[in-house]
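Chemist: Output the structure for:
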Amino acid sequence: MLSRLNIRFQNWVLGSTVGLVLGLSGIFLASVLGKFTAMSEENAAERFALIARQSTERIDSMVRERARFVTTQTRAGIGQFVSDGHLNHRDLVATFLSSLEADANLYSHYFGLGNNEFLQVVGIRRDRFITSALKAPENAHFGIWHIERKPDGSRSETWQFLDENRQPLARRETVPEYAPTRRPWFTAAMETGALTVLPPYFFASTGELGMTISIPLPDRAGVLSTNVSLRSLNAFLAQMPLSANGAILMLDQGGRVLAFHGKGPRFSGLYIPPLVANEHIAEPHLRSLAGKTAAASQIIMLGEGKHTEKYVVTRHVSEVIGGSSFLVIALAPASDFSGLIDKARRDVLLVTLGVLTLLVPLALLGSRQVSRSLAALAQDSERIKQFDFSGEPHRPDSFLYEINALGDAQAVMHHSIKLRTEALNLAREKLADLVEYGLLLSREKDRDALLKLILHGGRDIADCAEASLYLKTERDTLRFVQRTDHTAPPVTEIALFHTDGTPDERSDLTFAALHNESVVIADIGSETRFDLSALLRHGEEAGFRPVSLLTVPLSPREGEVIGLLQFTNALDPKTDEVTPFPPELIGFVQALAAQSALALENHTLLDAQKILMDSLIKIIADAIDAKSAYTGGHCKRVPELAVMLAEEVGKVETGPLAGCGFKTEDEWREFRIGAWLHDCGKVTTPEYVVDKATKLETLYNRIHEIRTRFEVLLRDAWIERLEAVESGMPASEADTRFAERKQELLDDFAFVAECNLGEEAMAPENIERLKQIGARTWLRHFDDRIGMSHEEAKRREHVPAASLPAEEPLLADQPWHVIPRTQDTAFDPKYGFRMKIPEALYNFGELYNLGIAHGTLTEEERFRINEHIVQTIVMLDQLPLPKHLRRIPEYAGTHHETLAGDGYPRRLGEDALSVPSRVMAIADIFEALTASDRPYKQAKTLSESLRIMAALKKERHIDPDLFDLFLTSGVYRRYAERFLKPEQIDEVDIGKVIG
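Modeler: From the prediction side, this is the model:
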């Protein structure tokens, strides 16, 4: 057990001496002072018991005296209370006034009849509080409150105030609201039929604390009551002979506080509101004692933890008439009664100190010589424990052999642990640096910054003067990348193989790269294995002498080298002198090289994936452009224009566009990809719909079918001429009729052909003429159900075949012209598309198409055209895009929306369109207006295009601020110089366009 102790020798000697003296003194104190303590506590308990009894006797006498008064009055006969069925006002007032004059502590007497007549006499005695509460004159001594019942059954109420000579001072009448028969003092007395004492409460008229004593008349015609004020209780308790820190608390039978008085720091400033429940007393000692109602005198501990203190506590319970009782608690710290004990304790301590004063110096002199040597050894041991090797260990100078031998052994241990600790600290620091650089390498996205981090991180881990980085090329050469001293790099690359294909191992660099091994050279000057002339020349040019060398390959996986790190001149961490590279550091350098190689390869793979992805995206865009001559190079030019405008947005420092530019390269790449893919949905749009140049065009122009029918009608007209001549009609007349018929057919076909072009709007009269032309018939002699595809035949199977020869209209909308939708085209609600979906997929009806009011597209075909943006959004939304590319569908799918909210496919409003989305809208519109490679329209000039866009700006189709920036920054002009024909580039008044 003693072996576990850890005590200084000198302290042991001193402690033994002091402990002996203190032990003897403690035994004396325990035996003598214990008796003194018991005596003082017993005396205190008796004293406090007397105080508690006096307090309860006080309130007991107050209650009994008033109870005696009301009991005596009721025995005197009912006549003094009631006369002719009414309250005897005159006699009662005289009796009540006399009683109040005789007892200054009495507050009031009052009497109530069963018919709710009432009389109360209040002892005001010029008390300011009662005067204010009753609104009495300042010199009022008594107040008489009288409620009487009149002959008609109504009640009246009067207040009369008298001076000390019973002379009237004032009188007022009020509407009676008080009903004595409903008051607790009345009902309680009536129920018990005996003397009743109500628990203390605040008087309704004055708010003063008091008690009510009630007794019914013998015939229970009424109840006589008296109010006893308890205001004097606090003053009475203050007169009790408490100790310096004592307190006394009085409670009623319900555990509510009636009065309190205390002394000392804990109790003197304490205020406890009257009638507060014991559990709500703020002071914890009083709260815990008030909850116990048993009468007792005891010594108890109060408080918690280190604040616990011994207290003398006395409880006394008084039970008075009427079933009420009161509890008085008196308490004080036991220390208030321990004056003699403290004096005795001080005397014993003084004697003890005198003895110690003599013995301690003697023990100190005897132990100092031995303890000095032990203390020095202990100090060295403590420093070793804390890994503090800043000084040399002490050599003990003692006459004891064991102490000297212990000192020598400790010196050897000190040196060994110091060396091991320094090596461990260095390894820990390098490991921490290695982890930190590993995290930095994994987070770095910029290739140049990554290479710089690899170089400088390697130099820090290797603790060297200079580091160089080489990367292996696909040509089996080593290309110098950078050096920490920023000197000029070598011009030529270092070949790994000779011209005959044999490996070149003369250089440390080529050897390390070919064998995937580190090269360590302690002294370059004596090195004969490798040719280091290039390194020595570099040292002369840079002004330093290479001494030590470490070359480490960058190998992301077994057997593969992608580069090298070359370190020159290792430095001693303490002296900063050039030394060989320590073997314990090489492992850390190789670990960093492996991490660097992996990070570099990952970065290379990531760059390659980005390039591949961008190339695939551009291939898709090029394929869409190549799919139709009508889109030209739209998918290629829109990204160029969008990026140009987005760059200008990033330069804006004030106004609505300030801060709206892209901050990172990831944001720029996300926007560029969105721009390249903004029309990727067009891959789902049929070519003939995109290329539809005439109204009757599908996979071919059906005007040829119509022309053939006209040819049949013309042939029929010629046959009719021949038959007419053969029947005897004059040839001239037949020729005239044929010529008229032919001209009519030529005119009608020319009209149909003109309508087919769709260059002008179709007027109602033109549509009517088309119907008239179409109503003509021609005879079909061949079956129109043979030679068809399965799908085409299926569309006609619900229409009965006509018998041949069949008479058919020249132009018709046949049922099989309507191509139904074969699948549900309803869009997922999550996309929020708000486009009307036509009932049919296509409608190839001849009259339906020729009657198109504007352009060449039907409602169904225009939906297919517009549906490309829907498909763009759906296609891109299905891609598992990483977090930094999640907005690609937004950028690609909102260029047909408008600020006015009438665009498609979602009809998004201004609040839902981001600045990049608005940039895309401007780029898409401007490119479409100025494109010169679309066969269906002529390219517009700059001024024409900008005027159209200015109108779109006013209609809030495009963002006004972005359009103004588009003009003021000159983006429109720079784009025009790159992509527009010279004849399109005319002068533009920007101020006029901006308006």
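Chemist: Could you measure from the residue lying closest to residue 129 once chain neighbours are set aside over to residue 250?
Modeler: Leaving aside its sequence neighbours, residue 129 sits nearest to residue 206 (C-beta to C-beta, 6 or more residues apart in numbering; 6.6 Å). Backbone N, C-alpha and C define where each C-beta goes, glycine included. Applying C-beta to C-beta, to the nearest Å, the value for residue 206 to residue 250 is 21 Å.
Chemist: Which one's more surrounded, the two?
Modeler: residue 250 (27 against 21; other C-beta atoms under 10 Å).
Chemist: I'd guess that one is in a strand, am I close?
Modeler: Yes - assessed with DSSP: H, G, I helix; E, B strand; the rest coil, residue 250 lies in a strand.
Chemist: Quick one: residues contacting it.
Modeler: Residue 250 makes contacts with 55, 59, 233, 237, 257, 258, 259, 260, 326, 327, 328, 329, as judged by C-beta atoms under 8 Å, 6 or more residues apart in numbering.
Chemist: Give the next helix or strand downstream of the helix or strand containing the second one.
Modeler: Counting by DSSP states H and E, the element that carries residue 59 is helix 9-75. Sequence-wise, the next helix or strand beyond helix 9-75 is strand 82-83, with elements assigned using DSSP H and E.
Chemist: Show me what that next one is packed up against.
Modeler: The helices and strands touching strand 82-83, judged by 3 or more C-beta pairs under 8 Å, 6 or more residues apart in numbering; DSSP states H and E, number zero.
Chemist: contact partners of that strand?
Modeler: Under C-beta under 8 Å, 6+ apart, the answer for strand 82-83 is 88, 113, 217, 221, 222.
Chemist: same thing with stretch 878-896?
Modeler: Applying C-beta under 8 Å, 6+ apart, the external contacts of stretch 878-896 come out as 666-667, 669-671, 673-675, 677-678, 680, 866, 869, 872-873, 876-877, 903-906, 908, 913-914, 916-917, 920-921, 923-924.
Chemist: Please list only the buried members of those residues.
Modeler: Neighbour-count burial (16 or more other C-beta atoms under 10 Å) applied to those gives 667, 669-671, 673-675, 677-678, 680, 869, 872-873, 876, 903-906, 908, 913, 916-917, 920-921, 923-924.
Chemist: any idea how far the residue nearest the centre of the chain is from residue 670?
Modeler: In the chain, the residue lying closest to the centroid (C-alpha atoms, centre = their mean) is residue 883, at 19.6 Å. Distance from residue 883 to residue 670, counting by C-beta to C-beta: 10 Å.
Chemist: And residue 637, by the same measure?
Modeler: 20 Å.
Chemist: now residue 635
Modeler: Shown here: residue 635 relative to residue 670, a distance of 18 Å by C-beta to C-beta.
Chemist: same deal with residue 767?
Modeler: 49 Å.
Chemist: Same check on residue 696?
Modeler: 44 Å.
Chemist: What residue in this structure is the furthest from its centre?
Modeler: No residue in the chain sits farther from the centre than residue 728, which is 102.7 Å out by C-alpha atoms, centre = their mean.
Chemist: quick one: that one is in a strand?
Modeler: No - using three-state DSSP, the assignment for residue 728 is coil, not a strand.
Chemist: Tell me the spacing between it and residue 721.
Modeler: 13 Å.
Chemist: which strand of this protein spans the most residues?
Modeler: Selection of the longest strand in the chain by residue count, based on DSSP state E, yields strand 309-319.
Chemist: Could you list the buried residues of it?
Modeler: Residues of strand 309-319 classed as buried: 311, 312, 313, 314, 315, 316, 317, 318 (neighbour count, 16+ other C-beta under 10 Å).
Chemist: quick one, domains of the chain?
Modeler: Recorded structural domains for the chain (assignment: automatic domain parsing) are 26-337, 444-609, 628-692+857-994, 703-821.
Chemist: Show me the one of those that comes nearest residue 827.
Modeler: domain 628-692+857-994 (6.8 Å; C-beta to C-beta).
Chemist: Quick one: mean pLDDT over that closest one.
Modeler: Taken as a whole, domain 628-692+857-994 has a mean pLDDT of 83.
Chemist: Could you do stretch 300-308 as well?
Modeler: Rounded mean pLDDT across stretch 300-308 is 76.
Chemist: start to end distance for that stretch?
Modeler: In stretch 300-308, first residue to last residue: 10 Å (C-alpha to C-alpha, to the nearest Å).
Chemist: residues in contact with residue 545?
Modeler: Counted by C-beta under 8 Å, 6+ apart, residue 545 has contacts residue 539.
Chemist: Where does residue 156 sit, in terms of helix or strand?
Modeler: strand 155-162.
Chemist: Give me the contact list for that strand.
Modeler: Outside strand 155-162, the residues that touch it by C-beta under 8 Å, 6+ apart are 97, 116-117, 124, 134, 136-137, 140-150, 168-178.
Chemist: One more: stretch 921-932?
Modeler: 632-634, 637-639, 641-642, 645, 675, 678, 894-898, 939-940, 942, 944-945, 948-949, 952, 957-959, 962-963, 966, 972, 975-976, 979-981, 984.
Chemist: Show me which of these are buried.
Modeler: 632-634, 637-639, 641-642, 645, 675, 678, 894-898, 939-940, 942, 945, 949, 952, 957-959, 962-963, 966, 972, 975-976, 979-980, 984.
Chemist: quick one: which of those residues sit in helices?
Modeler: Using DSSP state H, 634, 637-639, 641-642, 645, 675, 942, 945, 949, 952, 962-963, 966, 972, 975-976, 979 are the members of the buried ones among the contacts of stretch 921-932 that sit in helices.
Chemist: what are the pairing partners of the longest strand of the chain, and which direction each?
Modeler: strand 296-302 (antiparallel), strand 325-333 (antiparallel) (DSSP bridges).
Chemist: show me what contacts residue 246?
Modeler: Taking C-beta under 8 Å, 6+ apart, we find residue 246 in contact with 48, 262, 263, 264, 267, 330, 331, 332, 336.
Chemist: okay, now residue 750: neighbour count?
Modeler: Residue 750: 11 neighbours (other C-beta under 10 Å).
Chemist: Now do it against residue 849, distance only.
Modeler: Residue 750 sits 18 Å away from residue 849, going by C-beta to C-beta.
Chemist: Equivalent analysis for residue 311, please.
Modeler: In terms of C-beta to C-beta, residue 311 sits 109 Å off from residue 849.
Chemist: Over to residue 547?
Modeler: With distances taken as C-beta to C-beta, residue 547 is found 90 Å from residue 849.
Chemist: The two: who's more crowded?
Modeler: residue 849 (26 against 19).
Chemist: Surely residue 572 is in contact with residue 580?
Modeler: No - the criterion here is C-beta atoms under 8 Å, and residue 572 misses it with residue 580 at 10.3 Å.
Chemist: Could you check the pLDDT of residue 223?
Modeler: At residue 223, pLDDT is 90.
Chemist: Please name the residues that touch residue 563.
Modeler: Residue 563 neighbours (C-beta under 8 Å, 6+ apart): 469, 470, 471, 472, 478, 481, 553, 554, 597, 600.
Chemist: just residue 282 next, same as before
Modeler: So residue 282 contacts 270, 272 (C-beta under 8 Å, 6+ apart).
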